[in-house]
Structure formats: C-alpha cells, structure tokens
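> return a 3D structure for these sequence lines:
(chains A, B, C and D)
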Protein chains: 2
Amino acid sequence: MVQKRSDRPAKSEAPTAPRKRGRPRAYEPDVALARAMDVFWRDGFAATSLDTLSAATGMNRPSLYGAFGDKRDIYVKAYERYRERGRQRMADIFASDRPLREQLRQIYAVAIDMYVSGEDGPRGCFTVMTATSEAVFDPVLRELAVSGLDEMDRAFARLFKAAQAKGELAATADPALLAQLASAAIHTLAVRARVRVPRKDLEAIAAAAADLICGRPKDR
Amino acid sequence: MVQKRSDRPAKSEAPTAPRKRGRPRAYEPDVALARAMDVFWRDGFAATSLDTLSAATGMNRPSLYGAFGDKRDIYVKAYERYRERGRQRMADIFASDRPLREQLRQIYAVAIDMYVSGEDGPRGCFTVMTATSEAVFDPVLRELAVSGLDEMDRAFARLFKAAQAKGELAATADPALLAQLASAAIHTLAVRARVRVPRKDLEAIAAAAADLICGRPKDR
DNA sequence: GGATTATTTTGCGAAGTGGTACAAAAAAGA
DNA sequence: TCTTTTTTGTACCACTTCGCAAAATAATCC
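Residues are numbered from 1 along each chain as shown, chains lettered A, B, ... in the order given. Predicted structure coming up:
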C-alpha cells in the first residue's frame, strides 16, 4: 500500500475510473456541459432558465450548482467549451499550407456548418450572438468575448502574413487590418445564419469574401 | 358646425392639440417609445422587464399596455422606431452623389456613432444584437430582422450600381454580393462596438473596408 | 455490519415575472 | 353640478425564477 489518494489510482481500464468514495454521479460532467452549451448557444443567457438547463442536462438544480456553480458560472464554462470546440475544428485548416483562397473557403465552410447547426434552428455564433450581449456590463464576460474575437483575428492575421511571405497576397496589404475584415465575413455569416438565410446564400457571401480578400480569381 | 370628429379639429396651434375627451395623458407616446427603445436596445428582449420599461418611460404597466400592447408589441414598435431613425440618418448620405469612397466613409461613421452611443455603454446595433436573437423562433420578429438586414444590403447595392455607372467601381464586380460584404463591415462594427472596442479601432476597420471595396486608394 | 463520504432528491422561500381588475382621478360636455 | 369618457394608480394574480437547506440514497472504507 504505497499510494494513498494523492495520485491517480490507475485502475485497470480507461482513465475515467478513479472510483471515488461517495455516491456515484448520475451524469457525466462533460456531456452535461455540452447540453448546457447547446441551450445557452440557442437561447442566450437571459432567456435560459435553470429549469431548462436542468431538463437539458438531466441534472436537477442542486446538482447543477454543485457541479458547475451558479447560472453565470455554467454560462462561462459552456462558452469556454464552445470556444475549445471551435478551436479544434479550425486548427487544422489554419495550420495547413494550402493556397490562401482554399484555406479561406474551408474556414468559412466550417463556420457556416457551425452556424446553421442546431436541432430546432440555426444558432449562429455563440460569441457574436449571446456573448457580446452580456459583454457590455459584465467585465469577465466582456474579456471572454473580446478574447474570442481576438483569437479569430489573430489566426487570420497569421494566415495573411504567411500568404504574403509566399507571395499569395499583396505585400502592401496590412495583415492585421485585413484579418479583421476576414472576421467581419464570419460575423455577417453568423448574423445571417441566425435569421435563417439559406446555406446557399451564405456560401455565396463566403466565396465573395474570399475573392475580395485574395483579389479576383485569375481563371474562371 | 360642419365638421364632427372624423377629421382633424385643426386647433389654433400645433397639430398636437386635438383635445380629446377624457383624462389627459401624463406621457408623450413618442418620447415614451424612445425610452423603451433605449432599454430594449441596451438589454435585449429577454433581459428587459416591464418594470424596467415602466421606470424608463415613466408610465406604469397598465398604461404601457394600453398604449403599446404587451411586451412583445412594445418591442416590435421600439425596433421599428430604431429602424426609422437609422433610415433617417443614412438617407442623405446614400442619396448624395459624392465619390463612392467618401460615401462609404460617411456611412460607416454614422454607424459607429450609433453603435458606441448609449448612456451606460455602447449598444451596438439593435438589429444585429437583439433582433437576430429573437429571430430564430419568432416568425414576425424574424421577418423584421431580415428586412432590417435586407434594407441595408439593398441600399449598398444601389450605391455600387451607381458607382459602376460612374466608373468608380470595376464593372466586373457583383453589386449585390459586394453589398453584403459592405454590410458585413457594418456587422463587425456593431459586434466590436458592443465589447467596447475603442472608436479609433472601429474607424480603422471602417477605413480598411472602404479601401478594400473601392480598391486601394490611388494617392496616399 | 457500521461509519464515512459524495451525490441525488425533495421541497421551500423570497424575489421577480407578465398581465389584469378595479377604483380613483382628471378632463370635456350637458 | 352631474354625467361621460379616458387615463392613471393601486393592488393583485398565477406563475416562474434562482438559490439553497435538509433529508434520502448509494457508494467506499474499516
């Protein structure tokens, strides 16, 4: 009996078996948070009640509170999870060294996918739709929303710098400024998706944005 | 005594003196609606309570209901008022026949003015911030939000068509598509204003958008 | 088995929600 | 002065909201 409880018990199977002491959880924190994210993403902060969260997660309110904290805490965690998922979906595309126009096309395609997703209707972008609403008077939420916008801007800026180095983009362009316009396309896609603009129209906007940024396409 | 009550009494002074029969109103409907608009614009639909509206307008709830209807009715009227005001502020600029780049600069300047306005903090754009949130599940509100986006798109499209006719814009450009990108800049300004991005930064984005749309500036 | 620990369940309470009924108030008309 | 008409102010309703305390439950540890 060397190990006590300070380090992982290292059970036989998956890392998801620490076998703690008391009554076992009836929920999986990660999937519960995913459901909470779905609700906040769809309805926003103010329009979401703890009862709705409770129903969506299958946890009753005290369990919710114990696991994640109060409503605002759940919101913050849900939003961070949203950010993390978005980061994962975008990472490969930003990292690939394909032609700039193609990278842009793929990035916008992923964005559109996310924004029109939703069981009961297109949800748009969590950052643009709900995070910015709460951002004005809540400094913490504002910092989160700002970092969400910044992250996208900076990713685009890196992309454009690399494209300039490869000669795919005019050397006179300001990468940081152009990045914010590339993000602007993301934002308009989010807004328009939310009012049920058809996917086809969104794709046309995305293509036009990519064209405008890269310069007119040479061939077709 | 020819005229009864079907037509205007045409009192001596302003048209605001029909002198109706019962107890006179303690509020002016128009300024009350302006206050309601301020609240909804700032807080959105869900986070606004009738008590808040009551306090802001100086009307108590029954009077609010009598004058404008239920909460959603007030919201709709407030949003329509917002639209009307925006239309007024933009109309002259869109109608002027100045150089395209200058028109764009002015349009974006007005937008920034509106979006950073607000006694307690920047409010962003009513359409982008709150109308789109409610738009997913409420067909009426969706139609309103869509028409709000469309109106801006179409105004830009007319602008670009005229610019093409004057030779200020490449004939190969698609005015309708380019218009949606011009609107995208509006949307990103709204989003960023809401998270308290400084005015100076917003102006830089607006200038970059105008440059990108018009083509690089010839001189400076 | 009994003690310990962690979680769920039940239920409550205080505040807030949108909406309304009803009487008092304030004007014009007779 | 008395009636009629319109609006206001008070009070209330049924319901929802968030958060929490206390008890019940289910596991491990000894």
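> quick one: residues contacting the closest residue to A:Ala190 other than its chain neighbours.
Once flanking residues are discounted, A:Ala190 sits nearest to A:Cys125: 3.5 Å by C-beta to C-beta, 6 or more residues apart in numbering or on different chains. C-beta: built from backbone N, CA, C; applies to glycine. By C-beta atoms under 8 Å, 6 or more residues apart in numbering or on different chains, the residues touching A:Cys125 are A:Ala111, A:Met114, A:Tyr115, A:Ile186, A:His187, A:Leu189, A:Ala190, A:Ala193.
> host element of the last one?
Same thing as A:Ala193. helix A:175-194 (DSSP states H and E).
> ok, then the element right after that helix?
Per DSSP H and E, the first helix or strand lying C-terminal to helix A:175-194 is helix A:199-214.
> list the buried ones in that next one?
Applying a neighbour-count criterion of 16 or more other C-beta atoms under 10 Å in any protein chain shown, the buried positions in helix A:199-214 are A:Leu202, A:Ile205, A:Ala206, A:Ala207, A:Ala208, A:Ala209, A:Ala210, A:Asp211, A:Leu212, A:Ile213, A:Cys214.
> could you dump these to JSON lines with pLDDT and distance to B:Ala78?
Output for these, formatted as JSON lines (pLDDT from 0 to 100; distance: C-beta to C-beta, whole Å):
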{"residue": "A:Leu202", "pLDDT": "98", "distance to B:Ala78": "29"}
{"residue": "A:Ile205", "pLDDT": "98", "distance to B:Ala78": "29"}
{"residue": "A:Ala206", "pLDDT": "98", "distance to B:Ala78": "33"}
{"residue": "A:Ala207", "pLDDT": "98", "distance to B:Ala78": "36"}
{"residue": "A:Ala208", "pLDDT": "97", "distance to B:Ala78": "33"}
{"residue": "A:Ala209", "pLDDT": "98", "distance to B:Ala78": "32"}
{"residue": "A:Ala210", "pLDDT": "97", "distance to B:Ala78": "37"}
{"residue": "A:Asp211", "pLDDT": "96", "distance to B:Ala78": "38"}
{"residue": "A:Leu212", "pLDDT": "96", "distance to B:Ala78": "35"}
{"residue": "A:Ile213", "pLDDT": "96", "distance to B:Ala78": "37"}
{"residue": "A:Cys214", "pLDDT": "92", "distance to B:Ala78": "41"}
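> what's the closest of those residues to B:Lys161?
A:Ala208 (15.9 Å; C-beta to C-beta).
> show me how far the helix or strand where A:Val140 lies is from its chain's centre.
Per DSSP H and E, A:Val140 falls inside helix A:139-165. Chain-centre distance of helix A:139-165: 13 Å, with C-alpha atoms, centre = their mean, to the nearest Å.
> whether that helix contacts DNA strand D - can you check?
No: judged by C-beta under 7 Å from any atom of the strand, helix A:139-165 stays clear of DNA strand D, getting no closer than 14.2 Å.
> re the thing from before, how much space between the residue nearest to A:Ala190 and A:Val39?
Distance, A:Cys125 to A:Val39, using C-beta to C-beta, to the nearest Å: 16 Å.
> give me the number of residues near the residue of chain A found nearest DNA strand C?
Going by C-beta to the nearest atom of the strand, DNA strand C is nearest to A:Gly22 of chain A, at 1.7 Å. Neighbourhood size, A:Gly22 [other C-beta atoms under 10 Å in any protein chain shown]: 5.
> list the contacts of it.
Contact criterion C-beta under 8 Å, 6+ apart gives no residues in contact with A:Gly22.
> packing partners of the lowest-mean-pLDDT helix or strand in chain A?
Counting by mean pLDDT, DSSP states H and E, chain A has its least confident helix or strand at helix A:132-135, which shows a mean of 92. On a contact count with 3 or more C-beta pairs under 8 Å, 6 or more residues apart in numbering or on different chains; DSSP states H and E, helix A:132-135 meets helix A:139-165, helix B:175-194.
> output the set of residues of chain A in proximity to DNA strand D.
Near DNA strand D, when you scan chain A using C-beta under 7 Å from any atom of the strand, you find A:19-24, A:48-52, A:61-62, A:65, A:70-72.
> which of those fall in helices?
The helices, defined by DSSP state H, take in A:Leu50, A:Asp51, A:Thr52, A:Arg61, A:Pro62, A:Tyr65, A:Lys71, A:Arg72 from these.
> which of those are close to DNA strand C?
Answer for these near DNA strand C (C-beta under 7 Å from any atom of the strand): A:Arg61, A:Pro62.
> and the ones in helices among the residues of chain A next to DNA strand D as CSV, adding pLDDT?
Formatted as CSV, those follow (pLDDT from 0 to 100):
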residue, pLDDT
A:Leu50, 96
A:Asp51, 95
A:Thr52, 96
A:Arg61, 94
A:Pro62, 93
A:Tyr65, 94
A:Lys71, 95
A:Arg72, 95
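> now the ones in helices among the residues of chain A next to DNA strand D: which count as buried?
The neighbour-count criterion (16+ other C-beta under 10 Å) marks A:Lys71 among these as buried.
> my guess is A:Val140 contacts A:Val76. True?
Yes: under the criterion of C-beta atoms under 8 Å, A:Val140 makes contact with A:Val76 at 7.2 Å.
> so for the two, which residue has more residues nearby?
Using other C-beta under 10 Å, the more surrounded residue of A:Val140 and A:Val76 is A:Val76, with 18 against 11.
> tell me the contacts of the more buried one?
A:Val76 touches A:Val140, A:Leu141, A:Leu144, counting by C-beta under 8 Å, 6+ apart.
> tell me the SS of it?
Following DSSP: H, G, I helix; E, B strand; the rest coil, A:Val76 is assigned to helix.
> any idea how far it is from chain B?
From A:Val76 across to chain B, the span is 15 Å (C-beta to the nearest C-beta, to the nearest Å).
> what of A:Lys200?
In this structure, A:Lys200 and chain B are 13 Å apart, going by C-beta to the nearest C-beta.
> just A:Leu181 next, same as before
For A:Leu181, the distance to chain B equals 6 Å [C-beta to the nearest C-beta].
> follow-up on the earlier one: same for the helix holding A:Ala193, what does it pack against?
Contact partners of helix A:175-194 among helices and strands, from 3+ C-beta pairs under 8 Å, 6+ apart: helix A:100-116, helix A:139-165, helix A:199-214, helix B:132-135, helix B:175-194, helix B:199-214.
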